[in-house]
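1. pasting the sequence and the predicted coordinates here, then a few questions.
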Amino acid sequence: MSVELVAFDVAGTVLNDDGLVISAFKNAFEATQPELWPTHGAEWTQYAIDTMGQSKIHVFTELLGDVEKAHTANVAFEESYVSEIAEVGAVPIAGAEDLFKYLRSKGIAVALTTGFSRSTLDTLIHQLGWKDLIDLSVTPGEAGRGRPHPDMLNMAIEVLGITHPANVIVCGDTAADMQAAVAFGAGQVIGVLTGAHDEHTLHDAGATSVINSVADLKTLI
């Protein structure tokens, strides 16, 4: 394949997560659903793990069944996540920045897709100092729908002027990342083991290859 773009998920793929996303989910539920959290906490936490990679507002809507409650919980989630990142620092996955530089030196575009909102994603990009290392970033709200739908990937190739999904590699750590890439028609669908889901789950969701981390991606290009 002639690779024109590599699209990466963020948390767990190029950004070290270390449980921060799930911690922020728990904090949001405890803050906004204090009566229901003791009863539903374990079930909700497992659902958040199973649906990692999907739009966070969509996950809250599915669990709470109410758009306003979901919005309130999502705001609490993002505030908690940004606060935790500010406390511990945003730490890239080893080799991610070198990979971005390598790809762009070869004329291959780099895009980030995410389940976060634009404000949270911009905070992360700023903290990591990645503004000049990537060509594009896309959020679910901007594209229309989050994963497992391919909307963010479709938007990325439209903005970057890439005509064929087969010339795109998609890389992520969750089943939703793999499902979106398959629906999009990516030339390669690469799972990494630095985030939420294991090798079996990633292959079942459509990964064409599973690697230890993005640092190993060069060998597949």
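-> Structure received.
2. domain map for this structure?
-> 5-17+90-220, 20-88 (automatic domain parsing).
3. of these, flag the one that's most buried.
-> A comparison of those by mean neighbour count, using mean count of other Cβ atoms under 10 Å, puts domain 5-17+90-220 on top with a mean of 20. C-beta here means a position set from N, CA and C on the backbone, and glycine is covered the same way.
4. so how far is that domain from its chain's centroid?
-> Per Cα atoms, centre = their mean, to the nearest Å, the displacement of domain 5-17+90-220 from the mean C-alpha position of its chain is 7 Å.
5. what's the end-to-end length of it?
-> Domain 5-17+90-220 has an end-to-end distance of 14 Å (criterion: Cα to Cα, to the nearest Å).
6. with stretch 183-203 instead?
-> The stretch stretch 183-203 measures 15 Å between its terminal residues, going by Cα to Cα.
7. who are the packing partners of the helix or strand hosting residue 76?
-> Taking DSSP states H and E as the definition, residue 76 sits inside helix 67-88. Contact here means 3 or more Cβ pairs under 8 Å, 6 or more residues apart in numbering; DSSP states H and E; on that basis helix 67-88 packs against helix 20-32, helix 56-64, helix 118-128.
8. contacts for the shortest one next, please.
-> Think helix 56-64. Contacting residues not belonging to helix 56-64 are listed as 28, 33, 44, 47-48, 51, 67, 69-71, 73-74, 77-78, 115-117, 140-141, 145-146 [Cβ atoms under 8 Å, 6 or more residues apart in numbering].
9. swap the cut-off to 7 Å and go again
-> In this structure, residues lying in contact with helix 56-64 by Cβ atoms under 7 Å, 6 or more residues apart in numbering are 44, 47-48, 51, 67, 70-71, 73-74, 77, 115-116, 146.
10. for that helix, C-alpha coordinates in PDB please.
-> Presented in PDB, the C-alpha positions along helix 56-64 are these (Å, rounded to 0.1, in the frame of the first residue of the first chain):
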ATOM      1  CA  LYS A  56     -17.600  10.000  26.100                       C
ATOM      2  CA  ILE A  57     -20.800  11.900  25.800                       C
ATOM      3  CA  HIS A  58     -22.300   8.900  24.000                       C
ATOM      4  CA  VAL A  59     -21.200   6.600  26.800                       C
ATOM      5  CA  PHE A  60     -22.800   8.800  29.400                       C
ATOM      6  CA  THR A  61     -26.000   9.000  27.400                       C
ATOM      7  CA  GLU A  62     -26.300   5.300  27.000                       C
ATOM      8  CA  LEU A  63     -25.800   4.700  30.700                       C
ATOM      9  CA  LEU A  64     -28.000   7.500  32.100                       C
END
